[in-house]
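Colleague: what's the 3D shape of this:
(chains A and B)
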2 protein chains.
Amino acid sequence: MREVVVLGVGMTRFGKHPDKGLKELGTEAIWNAVEDANIPPKDIPIIYVANAMGQQLTELRGTIAQHVVSHAGFMGMPVINVENACSGGSTALRSCILEVASGNYDVAMAVGVEKMCIADTARSAAAMAFGTILGKFGFMFVGLYAMNLRRLMEKYGLTREHFAKVVVKNTKNGALNPYAQFRQPRTMEEILNSRVVSDPLTLLMCSTMADGGAAAIVTTRDKAAKYSSKTPITIAACELVSGTPTSADAVHVPIETRASRQAYEKAGVSPEDIDVVECHDAMAPAELLIYEELGLCGEGEAGRWIDEGKTEINGVVAVNPSGGLASKGHPVSATGLAQISEIVWQLRGEAGERQVPNAKIGMTENAGGWVMDDNAACAITILKK
Amino acid sequence: MREVVVLGVGMTRFGKHPDKGLKELGTEAIWNAVEDANIPPKDIPIIYVANAMGQQLTELRGTIAQHVVSHAGFMGMPVINVENACSGGSTALRSCILEVASGNYDVAMAVGVEKMCIADTARSAAAMAFGTILGKFGFMFVGLYAMNLRRLMEKYGLTREHFAKVVVKNTKNGALNPYAQFRQPRTMEEILNSRVVSDPLTLLMCSTMADGGAAAIVTTRDKAAKYSSKTPITIAACELVSGTPTSADAVHVPIETRASRQAYEKAGVSPEDIDVVECHDAMAPAELLIYEELGLCGEGEAGRWIDEGKTEINGVVAVNPSGGLASKGHPVSATGLAQISEIVWQLRGEAGERQVPNAKIGMTENAGGWVMDDNAACAITILKK
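Modeller: Predicted structure coming up:
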């Protein structure tokens, strides 16, 4: 297999875009990535597009990928629609990596796009929540996350203050990110006193419905210099697994742990080698659990880690310098490629005010699917300067 | 790239299955393929599942692939949801071929599954029809096919009798296929006198909504013998393109033509080398157009071809020995892999009463997407004994 690098990335600002549909959001992300990669569009021979809810929340009923890419001006090539809930963006990227690594094509483009902010918010919520036994009883993601966090409070002595500290860190980072939906740093008091959504989660701890798109163009290390003078970012691993997510029970190894172990092995690195992580904190306090699942800290150490600022931009390993999902917004299928975009900018040294000093190795954790059954997915990508 | 073969195939009978949902249909197809391949399930390390309408017509809201494969007993591996309208099954297969050809995995399984027969048939129709300008004006697939066939009548002097002859042939074949939804041979009179749906199309010329699943397991030529004593069927080409389908206008080369030219070149064969074809005749008379698009006959010769019986099971090239979509039923994302199943059975000599004598090279044409815009997809697969 050939070494594959990220040649260019691009995204829209996440948030409410009442004037833009899937086609417009996708097109903006695609052309930002094309410009960043400095590649002639005709040199992109295959495109994967991830979308999870367009069939339910927009007027499009299928081949959404084709609708998006033809609106952006791309036609004729193989175009493939993929879905993997919140990990769809990374799933599209994984396929693009295989197309290039295998020699099937020299270039491939992955796009993730989602339109969630519609007038009927109950429909958006239903699009995410049902399809399982628990969903039928009215459980929503936030309730399941809350139950999970209650368990951590019991098990490790984590407190509401620990959870709020994650949000303080991430909103501080998000305020520095021009692509983030929310750019307002929040204080402990604001976070703890915001409306309780599902105890212990308060409003400011939760990610939002958002519209947005993100894209990444990959090629071989050899071809990269032909197009762009920017530092090509090597994809050292991109591992996808399915199964039982975050501590749905005490028996299974969560998908985040399995996928990250595979990725470390494939990339030939250890958790302590990682300089910067974008992780899937759909409810920000879940970040603490992810520290452990990715092996960044030992079991039960996450509370101390956030207390000691180890995951700040200037800490031991910067986690969510972009602001994470709760600050940046979470347009489901776009999130994975937005994470990739952030890590590429960080490793290139292009992250501006939120730059992680001397970042050489980065990681994304992009998980999706229902929180309490066996039908979830997780993709871990490790990138190197 | 390594040579990839089909190790095993399986499908459900297509038709109305009021007692079965996506999980049950998918599971039946998967286990039929596993049994046919004689492979231990643990040796299947990656699964792609195509589905187009589950989010709209069933209670599942995402990660449908995971729901299907976990119901079938598969967990933990990468599981990827793909969609490409009616060509989704072949799109899943194409990805599996790449996984194995590249050396990423030694075995991969492609599944296509669809549940369309729900109580509210208007919802099923809407799930297929909207999302484009024409759809908003109430055009359905059948109307667009009818307009297209009217054009052929003008251009080449094709008649309603030519169209009916395709159905006579295909219902005769379908009557011999235990997996077909309809197993009743039809006469010219029955076909021409059945209710007009959209002139010149009568009811018996049209494919139906159906429930069903199909699956194929691929591996390398070297590994095949380890599992099965059945003849491994080589995948000589599997080419996917997007763009403008069947004669939407007089300017573009239709996707069926582009994809088949690519496939012939990749497989190193010519149209006259093909012994058996399964083609995507969602409205049976469209088969005549497909003869030309695939280069089986020259321009304007399709009428003569059907008159002379050249595409009968014992003809020059057997087309749709399975009965085609109108006899077999057309559960959107399952169709492509049902076509693959039929060709594999034909090349192995396992097709029973509908066996094409001495079939050595087969082809599937699996097209999807809206008939009159630029957002369609077509996959052509060439298989060799």
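
Colleague: For the residue nearest to residue A:62 when sequence neighbours are not counted, give me phi and psi.
Modeller: Leaving aside its chain neighbours, residue A:62 sits nearest to residue B:85 (4.7 Å; criterion: CB to CB, 6 or more residues apart in numbering or on different chains). Yep, even glycine has a C-beta here, placed from its N, CA and C like the rest. Main-chain dihedrals, residue B:85, degrees, to the nearest 10: phi 50, psi -140.

Colleague: can you pull the contacts of residue B:85?
Modeller: A:62, A:63, B:52, B:332, B:368, B:369, B:370, B:376, B:377 (CB atoms under 8 Å, 6 or more residues apart in numbering or on different chains).

Colleague: who touches the closest residue to residue A:230 other than its chain neighbours in this structure?
Modeller: In this structure, residue A:230 finds its nearest non-sequential neighbour in residue A:348, 6.1 Å apart by CB to CB, 6+ apart. Each residue near residue A:348 by CB under 8 Å, 6+ apart is listed here: A:230, A:231, A:233, A:385.

Colleague: If we use 7 Å, what do you get?
Modeller: Taking CB atoms under 7 Å, 6 or more residues apart in numbering or on different chains, we find residue A:348 in contact with A:230, A:231, A:233.

Colleague: Now the buried members of the contacts of residue B:85.
Modeller: A:62, A:63, B:52, B:332, B:368, B:369, B:370, B:376, B:377 (16 or more other CB atoms under 10 Å in any protein chain shown).

Colleague: quick check, the last one in a strand?
Modeller: Pointing back at residue B:377 there. Yes: under DSSP: H, G, I helix; E, B strand; the rest coil, residue B:377 falls within a strand.

Colleague: sorry, back to before: just among the contacts of residue A:348, which is most surrounded?
Modeller: Neighbour counts for the contacts of residue A:348, by other CB atoms under 10 Å in any protein chain shown, peak at residue A:233, which reaches 26 neighbours.

Colleague: Kindly state the pLDDT recorded for it?
Modeller: The model reports residue A:233 with a pLDDT of 98.

Colleague: Residue A:138 too?
Modeller: You'll see residue A:138 listed with a pLDDT of 66.

Colleague: what about stretch A:226-233, start to end distance?
Modeller: 15 Å (CA to CA, to the nearest Å).

Colleague: before we move on, back to that, which members of the buried ones among the contacts of residue B:85 are positioned in strands?
Modeller: Per DSSP state E, strands hold the following members of the buried ones among the contacts of residue B:85: B:368, B:376, B:377.

Colleague: just checking, the last one touches residue B:369?
Modeller: Yes: Residue B:377 lies in contact with residue B:369 (CB atoms under 7 Å); the separation is 5.3 Å.

Colleague: if we can go back for a sec, quick one: which of the ones in strands among the buried ones among the contacts of residue B:85 is nearest residue B:327?
Modeller: Nearest to residue B:327 among these: residue B:368, at 19.3 Å, using CB to CB.

Colleague: any idea how far chain A is from the closest one?
Modeller: To chain A, residue B:368 is 7 Å away according to CB to the nearest CB, to the nearest Å.

Colleague: Quick check, pLDDT for residue A:62.
Modeller: For residue A:62, the model assigns a pLDDT of 87.

Colleague: next one: residue A:384
Modeller: On pLDDT, residue A:384 comes in at 98.

Colleague: again, but for residue A:207
Modeller: Predicted confidence (pLDDT) for residue A:207: 88.

Colleague: Could I get the contacting residues of it?
Modeller: Listed by CB under 7 Å, 6+ apart, the contact set of residue A:207 reads A:282, A:283, A:325, A:326, A:329, A:330.

Colleague: measure the residue nearest in space to the middle of chain A to residue B:51 for me?
Modeller: Centroid check for chain A by CA atoms, centre = their mean gives residue A:336 as the closest residue, at 3.2 Å. Distance, residue A:336 to residue B:51, using CB to CB, to the nearest Å: 21 Å.

Colleague: Same check on residue A:316?
Modeller: Distance from residue A:316 to residue B:51, by CB to CB: 43 Å.

Colleague: Between those two, which is the more surrounded one?
Modeller: Neighbours per residue (other CB under 10 Å) separate residue A:316 from residue B:51, with residue B:51 holding more: 31 against 16.

Colleague: Surely the more buried one is in contact with residue B:333?
Modeller: Yes: if you go by CB under 7 Å, residue B:51 and residue B:333 touch, sitting 5.0 Å apart.

Colleague: thinking again about what came up before, give the residues shared as contacts by residue B:377 and residue B:369.
Modeller: Common neighbours of residue B:377 and residue B:369, counting by CB under 7 Å, 6+ apart, are A:63, A:66, B:85.

Colleague: Let me have those residues in CSV, adding distance to residue B:33 as columns.
Modeller: Compiled in CSV, these are given as follows (distance: CB to CB, whole Å):
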residue, distance to residue B:33
A:63, 26
A:66, 28
B:85, 23
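
Colleague: helices and strands around the host helix or strand of residue A:364, which ones?
Modeller: Element membership of residue A:364, judged by DSSP states H and E, is strand A:361-368. Applying 3 or more CB pairs under 7 Å, 6 or more residues apart in numbering or on different chains; DSSP states H and E, we find strand A:361-368 packed against helix A:88-101, helix A:255-267, strand A:276-278, helix A:335-348, strand A:376-384.

Colleague: Need the ones you listed in CSV (columns: distance to residue B:72).
Modeller: Output for the helices and strands packed on strand A:361-368, formatted as CSV (distance: least, CB to CB, whole Å):
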stretch, distance to residue B:72
helix A:88-101, 20
helix A:255-267, 19
strand A:276-278, 33
helix A:335-348, 26
strand A:376-384, 17
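
Colleague: Residue A:184: which of these is closest?
Modeller: Closest to residue A:184 of the helices and strands packed on strand A:361-368, according to CB to CB: helix A:335-348, at 19.0 Å.
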